[in-house]
Every structure is written in C-alpha cells, then in structure tokens.
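Colleague: The following block contains a protein sequence and its predicted model.
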Amino acid sequence: MHFGVLGPLDVVGDGHRVVLGGPKQRELLAMLVLHVNQVVPAGRLVEALWGAEPPARAEVTLRSHVLHLRQRLAASGGADVLLTRRPGYELRADPGEVDSHRFERLAREGQHALDEGDPERAAGLLREALALWRGPVLDDLGQPAFAQAATARLEELRLVAIENRIAADLALHRHQEVTAELERLVAAHPFREGLAGQLMLALYRSGRQADALDTYASARKRLSTELGLDPGPALAELETAILRHDPALSLPVRVPPGHDREVLPPPDALFAVVRRVPIVGRAAELHRLREHWAAVRDGARRVVLVSGEAGVGKTRLVAEFAHGVGDDAVLLVGRCDPASPVPYGPVAGALRASAAAGPVAAGAPVAVRERLASLLDGSAGPRELRTEDAADERFALFDAVVWLLDRLAAERPVVLTVEEGEHIDRASSLLLRHLVGHLPKRVLVVVCFRDPPGGRHPALLELLGDLEGLADRFVVHPLTESDLGTLVEGLAGSGTPGNFVGALWRHTGGNPFYATEVVRDLSARGALRADGRWEVPAGVRDVLRHRVHVLPERVRQVVRCAAVLGREVDFDVLARIVDDDEESLIDALDLAVGAGLLVEAGSSWKASYAFPHDLMRDAVYADLAVPRRQRIHVRAARALLARRPGRAQDVIAAAAHLRRAGAAADPLEAADVALRASDEAARLYAWDEAVGHAETAVTILGDAGAPPGRLAEANVRAAMLRLKSSIGYPLAVRHLEYALEAYRVAGDDAAVAAVHSRLGAALCAHHSVLDVPRAIEHFAAAEAGHGEGRAAFHVQRGLALAAMYGLRTELLGTSSQRAVELAAGLGPRELTVPASWGQAWFRFNRGEPQAAEATFEGMWATARDCGDAYLGWMTVNAAALHATEYLLDPTAGREWCRRGLGQSRLDTFAHPHQTVLDQLTLALARAGELAAARATASALSADAVSLRLLLILDGEWERAEATLAKVLAADEAAGDLNDAAVHARWLAGARLLLGAADGAVSALDRALALGVEGPQVPTELSARAELARIHAATDAGKAERHLARCDEIVGGGEDWRGLAGVVELARGAVTGACGQWREGEAAHENAVRIFAEYRLPWHRADALHAWAGLLLAAGRPAEAEARHRESWALYDEIGAAPRWRRPLAPP
C-alpha cells in the first residue's frame, strides 16, 4: 500500500485509491501515517482526535474507528497494516510506501550528490523528491493541531530541497532558467538569505550585475527594517565578490544557505591574550571545572566537553581555569587547524609546545621513544606497512601517547585541552577516543568546540558518541544583558550612555567577542553612543576589516600572508613568502602585534605568530583577491616543502595549500605533492586523510589531462587505500575499473594483470560490491599474467575466495591447493593461513567437518604465533560460522568468537570486528540468550546477517519473510550462492511459521539444489531433513528418500553435532506419519536429547512441540499435553514472543 500526506491524505492499495471514512477516521489514519512503524499510545490518539477534553467513551469510539479503518485497508490489500500493539496501535509499512519518507530519502540523496560534486544527479533526485508534493501537508484535514510540528518540519525540508535543487541547477549553468522562479521564492520567503544569494548569483551570471546588487540592497533593507539585523557573512561576501567581478563567480559554485565560514584555532599563547578581557557570567562553569580539577589532583581521571557558538567565550573560560591551576599542573594546549589539517595535530602540537613533554619522552623505552618522535618532531614512519601492520602500529603509537601522559601525571597532574574541536580530523578523533578509553590517573581532558557546526562534523560526532556518559558536557551560552553590562564597564569604564548596553546586547546577541570588538572599535574612534547606528556589519567583519586597512601596506601584506598560512605561522615560513627583508618583516610583525591583529605564539626556541581570533583571520583571508590568494598558497606550499624535506606535517600542509591555489598551481606538482601527503597520512594510519589526498591527486591529474599510465597509478593507490581502510568499497571498484581501462590503452600488460587481480579481490570484499562471476573473470584474466610468485599466490587465494562465495567447490579445491603450494614455496608462515582457509572450506563443503575443524585449529595457531589479528579474524569468522550455523553448535561458535574478540587490536579493523560481532550475535541467539544477542546486535550495521535471524526469533515472521526474500534475490544476483543457501533455509523457516508450507518447500528445494550442485554437503543435509519433515504427511515416498540420503550422509562417520538432531526430528515425522509410534517417539526423544546437549533451546522447544503432536495422534492426550507444556515452558524461559506458543495439534 502507498500512503500520502504531502497534500490531501491519500491511500492507494491494489492499484486503486482507498475510499476512507469520515473526518475522525481520516485524522486517525493521518496520525498513524505520521508515526509509521511506531506504536502510538491510545491516549495520544484520543487527544489528537478530540483534544484535551475528550468525550466520556472516547477510547471505545477510537477502537470502533480502528476497526472500520482496518477493514477498509484490508479490503485493499492491507490486511496486516494496522496492528494492535500495547499500549496503542501501529501502522506497519515500508518507509518507501509513505510519500513523506520517500521525499526525505530522495532529498538526502540529492543533498549528498550535491556535496559529492554531482549536480546532474542531485538535480534529478531533488526534482523527483519535490514532485511528490501535491499541496500543503494534510491539506484536506485543515492541517490539524497534532500535525503542526510535522508540517513545519516537512515544509522546512521542502524549502531546503528547493534551495539545493536550485544550487544544482546553478552549478549546471541553468541560471537563466531559475531566475524567474527565484524571484517568486524570494518574494514569498523574504528572510531566507540563501534564496536571495542564489538570485544574486543567477542575475550576475545572466549579465544583470545591477539587478544582483539591487537584490542585495533590498534584502539588507528588509532585514534591517523588519528584524533589526544585517545580512549574514555569506550574502555580504557575495556582494563584495560581485562588486570585484570575482572570477570565481563564473564557476558553477554553490552558495549554500546560512553558510558558516571556517573558524580556525588560536595558538597556545592565546590564553594569556584572552585573559586581558574581563570574564563575567561564568561562575557556574568555572566552579564545575574546578570541582573536576580537585578530583583529578586526588587521583581521578576526568573528561569535560565545552561547547557553544563562535565567540561565546569557551577559550576565555578555559584560560581562566588554566590560570587558576597555575604551576600545579602540566598544561597541554592543542588546537585543530583546518587551514592545514595534520593527523593528530592537536595532540602533537600540545606535546611539542610543552617544556615538560620533551625530556620525559627522551627517557622513554626505545620503541616508545621512536613512536613519539613522529609526533614530537613531525617525522613519518620509516617503512611501508602492510594492512595488518598498520593497525598494530597505530595502536602502538596511541599507547605511546598514553605512556607519556602517565609519566607526566606522575610528576604533576595534567590538563590536556583541545580547542576548536569542530575542525578535528578523524585521525585526531581516533587518538582522543583511545586516550579517553585508557586515560591515566591525574589527567583532565577538556575538549572545546563550536556548535554549530560541531554537531554536524563526523569526526567530532564519533568522539562525542564514545564519550556519551563518560564526560561532563556543558554549553557556554551568550551573556545576559546584565552580565554584558559588567563586561562593558570593565572594557570602557562607567561612562557609557544609558541605553548603550541594551542596544549592544540586541545587536550582538550577548556574544562577548562580538561585543568586545565593537566596544574596542567604538572607543578608539570616540564613537560610543546608544542609538545603535554603529559600523557593525554582518557579525564583526567590517570591524576587523577597518582595523586591518588602517595599517601600512607592508604590514597588511604580512597579515595577508599570515592569513593564508593558517592559524599559527612559523616565522621562517613567513619569511620565505613575504617580499621583504628579514628586518623589515620583524618591524611589520611588531606593528601587527601592537595593533592586536597578531600575537606572539612561539616558545623560546621557536618564533611564531597567530591571530587572536578565528574571525580575524577569516576577515583578512576573505578580503584577498582570489588570484593574489592563490599565488600566496603556491608560495606557502613551496616554502613548506623546502624547509625540511621528508617532514610529514609539511608535506600534508603543502598539499592543502596547493589544493587551495587552484589554477595558480602547477597541476602535476599539486598531484605529486597530494600523493606524497597521502603516503605520509597512511604511515600515520590517518586513513580518511590518506584517501582524501589520493583522490585529490586523481581529480587534479584528470583535469590536467595527465598521461593514462600516471592517472591509472593514482587511481590504483586511491583504491587500495579505500580497500585497506574499509572506506567506500564502490568507489574503490570504480577507481580500479578506470585504472584497468587506462592501462589497457597504455598497453601495459603487467599492470593490466595486476589490476585484474585487485579488482577480483575488491569484488569479493564486501556485500556492497559483491559480484562473484565478475570476480572470477578478473582472477582468470590475472592468472594468465601471473604464473608464479607472490602475485600468483594472491590470484589463487582470490580465486578460492570467489569460488567459496559462488559455491564452486571443485574450483575452490584446486585454487586453494595451488595457493597452499605457492605459499610453501614463498616461505612466510602468514601466507599459509589464507591458503588453508580455502582448504578448510573445501573440506567442509565436501562433508568433512572434522578435517575442516582441524585445519582451522592449525590456522589459529599460526595467526596467534604471528600475533596477527587480521589472520586470526580470517580463521575465526569461518570457524564460528561453520560451528553455529551449519553444525548447530553455538557453544563452539561462541568460543571461536571469544578467541577472535580476545585478540588485541582486532577493533582497529572495522569490517572484521563487525563480522565477529555478527557471528557472536548468531551464536547467542541460537543458544536462546536473546537479551545478550540483542545487546551485541546494537553495535552492528543495519545489514548484518544476524539481524535477519533475530527477526524470526523475535516473532516478526512477516518482516523476516519479506526481508529474506529480498536478500535471497540479491545474493543470487551477485552470485553469492553460499549465503543464498543459508538465507533460503531461513526463508523456509519463516514461511513454515506463517503456515505457508508450499513456499517453504520452494525455498528448501532451492537450498537443496545449491547444496547438491556445489556441492555443499552440510546444506544438503539440513535441507533434506527439513523437506523430509514437511513431506512426511503428504508424500511418504519423497520424505523417505530424503531421509535415506540423510542417513547415508550421517552414517559416513563424521560428527554432525546439533544438525544430527534435525535428522532425528525428520525421522520422527516420517515414522510417525506411517503409524510407527514407538520409532517416532524414540526419534523425537533423541532429537530433544541432542538439542539439549548442544544448547539449542529453540530447536528443543520445537522438537517437544512436534513430539506432543505425535503423542496426540497416537491417542495419548495426557502425555501429549505434558510435552506441550514443556515446550511452552522452554519458550517462556527463552523469553520468546507470544506467537511462538503454538496450539497443540496432531502432525
């Protein structure tokens, strides 16, 4: 069924519109649709339909409306749509069947496409989303009160989608087509600055500069007259760019609504500078910080999060706290610098700036000292690392920082402050998350971040998620009018006009930084007055511009270069890019410091300067003409690269400068430096940054028309980084496909073979890209070019992997045997593990589970001896799956998971760690530990395999059936026949529980065909046993043939563990159907015993239920009832859903 709320309420079922009842029924349905797939309490529905004072029998009337509505929906194919769920009702539907949910999904995808630089796709998705709107939300119901919040939210999302769609059109040079639409939108929404900006841009690109400026003037007048506000920074900057005929405006750039400029972090010396401003209104926050400090001094460990808007006083608060701590602490202050982000920058900067850290690090053990050197002097790791080494080394680096903090805290308690956390890079986020999890005693960590936009920054969100419940978080709010008066008095004395503070509070919103800058500027010009007609632009930008422009030109040049370099500027780098002699540069810096635009930030051995506030740097940077700015970026990059060759931080910062230099940079040089930066970031295990730099190189080389071989090499490097880090498998495949074609064009056969091998491996790496037939084709192509050596080993190991997924057991055996032989010749023991993995699967598929188990034990011993968590995962994942799912031995499966999760550093491998948790969830669920299974599953992604089994066990059989049918189709389409066999068996189980025996047989027949053709004997055994049980009552001959083959398999001498109980249960059904009551009862008794031995309570309860049915058919109702009660008691013990307690009936 399809439900519509984006317009009049609408329901379509079985291809036609459903005729709904009266207003109350329609309102009831509207309320349920707005909360689809949620239980809405009856009391809330009563209030929605009748208000705060409902009639006496409102709940009775509600039930009547529910009944009639359910009947109408059922008549149109919605029999199971409207459900009764305590304490109310639930409308169950796929989110894609509700137009508002479909709209939100398409709008999100459109936004993502726009952010990813694909405006064509974005425009299509957003048009499709907006086409779903048929009018105002619930227009036919008069927009009822219960829908007001949802209506406001959806209308806002609609406007955002319109703005994004227009942004995509502007990026596609459709400015003339959208101009008239924008004029209508601006008239309808006069205070949405994003729309005004888009109209200005469209007019300017259409050759109507005067009209664009008139649009700005009108917007400014409206805001000032009606709201007492000035336009925001984005709109003001756009006006300036139009006046300058900025070349960037001719490019397909997006002008986002409400765009916030980046805020850059202050240097360490800033604490002394910001304390020159009085602190007011922060007594409560200071008290909380001091309480935490008292606990830390007594041996505790604490984490504090301080958030608030830009300029609200977060740094001022921490500076006051740090001043109170004095010499009693080791004070470490680091900042996140978006101008030149460096992995682990905030922590590395804090340690390098500390006089205490260096001597302690110098006395560290050799291994620790070598790892700390990469942070303390910026050097990179000395060697290329394998995937499995990378996580180990990163973990060791993190532990080295913990060691250093622990030693520092032994002398004096430590305060580690991270400023401007809204710009934290992912590598630094990972380091801080590790530090918090292993924080030594007597250490206080304070993380300050601007919010907004901090709450939308992924790396910060990950950190905040880990700190949930572990940190004290408080928000620093703007000052009250009274507190602002105290601040003004401290700045300007008591001689301000009477209404000045009130006017200032209204114009600055109580933001202490904005207010302080205004007061300083007005005081300097003798212009303090209360009428509010001050030179206060959108924010404080004009104030800052004024202070810059009154300086001599040579000082302005130095300040501009400093703004391009970033928050903190080393003197030697600045000297390389400023066109002046050293003495003149020092004089200019002295003048800039005296004017308050820069502060001295260096230590006694390092001269550096910084802007006191991020908005200051933004103002200077924004005022630079684009060509001048780009050329300074080029000079900055070359200065950094020339300063100390091989220094990781300099290479990474230089890559960022060349990226911002745009057309001024040599593209081949920019690409080369980006790839070097990618290598440096990878050596520091900063995978996100490494991928970003590599893909920047790909883009630059592509735009520059680089030779195919060079561009192909960059694509391969980007792909391998994505595969190594589990970041974006589809993009990795896309990079490799491009490289393959480019190498073919270049005629490089060896490179073509290598990329074929890598593509084969990539297409088996994750379900999002899984394509077994294509993977096998790529490996076959690679095999022709790689006959011997390590490359040949990887081809054969990859073929074995693809053959396992594709259930091609003969190919699995030959390729894995060849891999074993190649591994033996190559030497390294760790190669034997992936080679033996294929042999274990081969033996298991052939019906030799004991040989497979022995192989797994040998693999585990090798992985443990090598200390390699990745190889350990490879063993554990397969062994646990075999034990839990195929052999029905969840205890053994759980033990394998325990081994895997007990490995140090497994959690640094995202995908492997998730798969072991998935296996553990399966084992817990099979063992009847539902609460523990659900708790473990909470850490899994939505597509985890175990969640599908949990749907069945939780009694959600309809959802399970629908989900498994889709997954099975997807498996078969991808050629993943191994998983298809498992899902077909689960699908059969869900259908049997729903009473759809024919559908169950169809699914089991498919599983059987896969098991026989593979072959995969465990699947064949399981499918035949279930089919024998179903056919026992309807086709005795077929049931007996299936059971005979089961006996042949089980009689082969292998230990089939809990699966043997399924065979006994089938035997009981077959013999009982023939009237052989004694044999049937003995078989059921054996099944119950086996299931109890292997801790399979779900299977044991099912066997007791079937046994009870057999006894009832045999004319022994009292014994049948006793077994039936045992079955129900077992379900109660498990905590099974009520519908598992099925009535007693003969088979």
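Modeller: Cool, the structure landed. Computed from a prediction, not measured in an experiment: that's the story for all the values here.
Colleague: Quick one: the helices in the stretch 401-550 of the chain, in order.
Modeller: 426-437, 458-467, 481-492, 500-508, 512-524, 541-549 (DSSP state H, counting those that start in this stretch).
Colleague: Sorry, slip of the keys, the one I care about is the stretch 751-900 of the chain.
Modeller: Under DSSP H, counting those that start in this stretch, the stretch 751-900 of the chain gives helices at 772-785, 789-805, 809-826, 832-845, 849-866, 869-881, 890-901.
Colleague: Which of those sits closest to residue 1112?
Modeller: Closest approach to residue 1112 among the helices of the stretch 751-900 of the chain is made by helix 890-901 (30.5 Å; C-beta to C-beta). For every residue, glycine as well, the C-beta is placed using N, CA and C.
Colleague: ok, now which ones touch the residue nearest to the spatial centre of the chain?
Modeller: Centroid-nearest residue in the chain: residue 458, 7.1 Å away (criterion: C-alpha atoms, centre = their mean). The neighbours of residue 458, taking C-beta atoms under 8 Å, 6 or more residues apart in numbering as the test, are residue 426.
Colleague: So it versus residue 104, what's the distance?
Modeller: Distance, residue 458 to residue 104, using C-beta to C-beta, to the nearest Å: 20 Å.
Colleague: quick check: domain ranges of this protein?
Modeller: Following automatic domain parsing, one gets these domains for the chain: 1-172, 270-477, 482-536.
Colleague: among those domains, where is the model least confident on average?
Modeller: Ranked by mean pLDDT, these bottom out at domain 482-536, which scores a mean of 74.
Colleague: Now do it: distance to the chain's middle.
Modeller: From the chain centre to the centre of domain 482-536 is a distance of 44 Å (C-alpha atoms, centre = their mean, to the nearest Å).
Colleague: One more: stretch 433-446?
Modeller: 24 Å.
Colleague: between the domains of the chain, which gets nearest to residue 587?
Modeller: Taking C-beta to C-beta, domain 270-477 is the member of the domains of the chain nearest to residue 587, at 21.0 Å.
Colleague: Can you give the distance of that closest one from its chain's centre?
Modeller: From the chain centre to the centre of domain 270-477 is a distance of 23 Å (C-alpha atoms, centre = their mean).
Colleague: going forward, begin numbering at 515 instead of 1
Modeller: OK, 515 is where the count begins now, so the last one is domain 784-991.
Colleague: Rebuild the helices of the stretch 1265-1414 of the chain as JSON lines, extending it with distance to residue 1452, mean neighbour count and mean pLDDT.
Modeller: Output for the helices of the stretch 1265-1414 of the chain, formatted as JSON lines (distance: least, C-beta to C-beta, whole Å; neighbours: other C-beta atoms under 10 Å; pLDDT from 0 to 100):
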{"stretch": "helix 1286-1299", "distance to residue 1452": "31", "mean neighbour count": "20", "mean pLDDT": "91"}
{"stretch": "helix 1303-1319", "distance to residue 1452": "28", "mean neighbour count": "24", "mean pLDDT": "94"}
{"stretch": "helix 1323-1340", "distance to residue 1452": "35", "mean neighbour count": "19", "mean pLDDT": "95"}
{"stretch": "helix 1346-1359", "distance to residue 1452": "29", "mean neighbour count": "24", "mean pLDDT": "97"}
{"stretch": "helix 1363-1380", "distance to residue 1452": "28", "mean neighbour count": "18", "mean pLDDT": "96"}
{"stretch": "helix 1383-1395", "distance to residue 1452": "19", "mean neighbour count": "25", "mean pLDDT": "95"}
{"stretch": "helix 1404-1415", "distance to residue 1452": "16", "mean neighbour count": "21", "mean pLDDT": "95"}
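Colleague: how about those helices, which one is nearest residue 1215?
Modeller: helix 1286-1299 (24.2 Å).
Colleague: residue contacts, the spatially closest residue to residue 993 that is not a sequence neighbour?
Modeller: Spatial nearest neighbour of residue 993, chain neighbours left out: residue 1024 (4.3 Å); criterion: C-beta to C-beta, 6 or more residues apart in numbering. By C-beta under 8 Å, 6+ apart, the contact list for residue 1024 reads 991-995, 997-998.
Colleague: Neighbours of residue 1101, how many?
Modeller: By the criterion of other C-beta atoms under 10 Å, residue 1101 has 16 neighbours.
Colleague: secondary structure element for it?
Modeller: In the assignment (DSSP states H and E), residue 1101 maps to helix 1096-1108.
Colleague: residues of that helix that come out buried?
Modeller: 1099, 1101-1103, 1105-1106 (16 or more other C-beta atoms under 10 Å).
Colleague: Let me have the helices of the stretch 915-1064 of the chain in a markdown table, extended by distance to residue 830.
Modeller: A markdown table is the format used below for the helices of the stretch 915-1064 of the chain (distance: least, C-beta to C-beta, whole Å):
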| stretch | distance to residue 830 |
| --- | --- |
| helix 940-951 | 23 |
| helix 972-981 | 21 |
| helix 995-1006 | 10 |
| helix 1014-1022 | 15 |
| helix 1026-1038 | 7 |
| helix 1055-1063 | 18 |
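Colleague: what's the most buried one of the ones you listed?
Modeller: Mean neighbours per residue, mean count of other C-beta atoms under 10 Å, is largest over these for helix 940-951, with a mean of 22.
Colleague: what's near enough to touch residue 680?
Modeller: Going by C-beta under 8 Å, 6+ apart, the list of residues near residue 680 reads 692, 695-696, 709, 712.
Colleague: Off-centre distance for the helix or strand hosting it?
Modeller: Using DSSP H and E, residue 680 sits within helix 662-685. Distance, stretch centre to chain centre, for helix 662-685: 24 Å (C-alpha atoms, centre = their mean).
Colleague: after it, next one along is what?
Modeller: Downstream of helix 662-685, the first helix or strand assigned by DSSP H and E is helix 689-702.
Colleague: what's that next one packed up against?
Modeller: If you count contacts as 3 or more C-beta pairs under 8 Å, 6 or more residues apart in numbering; DSSP states H and E, helix 689-702 packs onto helix 662-685, helix 707-719.
Colleague: what comes up buried for that helix?
Modeller: For helix 689-702, the neighbour count (16+ other C-beta under 10 Å) marks 689, 692-693, 695-697, 699-700 as buried.
Colleague: ok, back up a step: ok, of the contacts of residue 1024, which one's closest to residue 1331?
Modeller: Nearest to residue 1331 among the contacts of residue 1024 is residue 991, at 69.0 Å by C-beta to C-beta.
Colleague: quick one on the thing from earlier: residue 1311: which of the helices of the stretch 915-1064 of the chain is closest?
Modeller: Of these, nearest to residue 1311 by C-beta to C-beta is helix 940-951, at 29.9 Å.
Colleague: Report the separation between residue 987 and residue 961.
Modeller: Taking C-beta to C-beta, one finds residue 987 at 9 Å from residue 961.
Colleague: hey, what's in contact with both of the two?
Modeller: The contact sets of residue 987 and residue 961 overlap at 818-820 (C-beta under 8 Å, 6+ apart).
Colleague: So which of these sit within helices?
Modeller: Among these, no member is found in helices (DSSP state H).
Colleague: between those, which has the most around it?
Modeller: residue 820 (27 neighbours).
Colleague: For that one, which residues count as its bridge partners?
Modeller: Beta bridges link residue 820 to residue 962, residue 988, judged by DSSP bridges.
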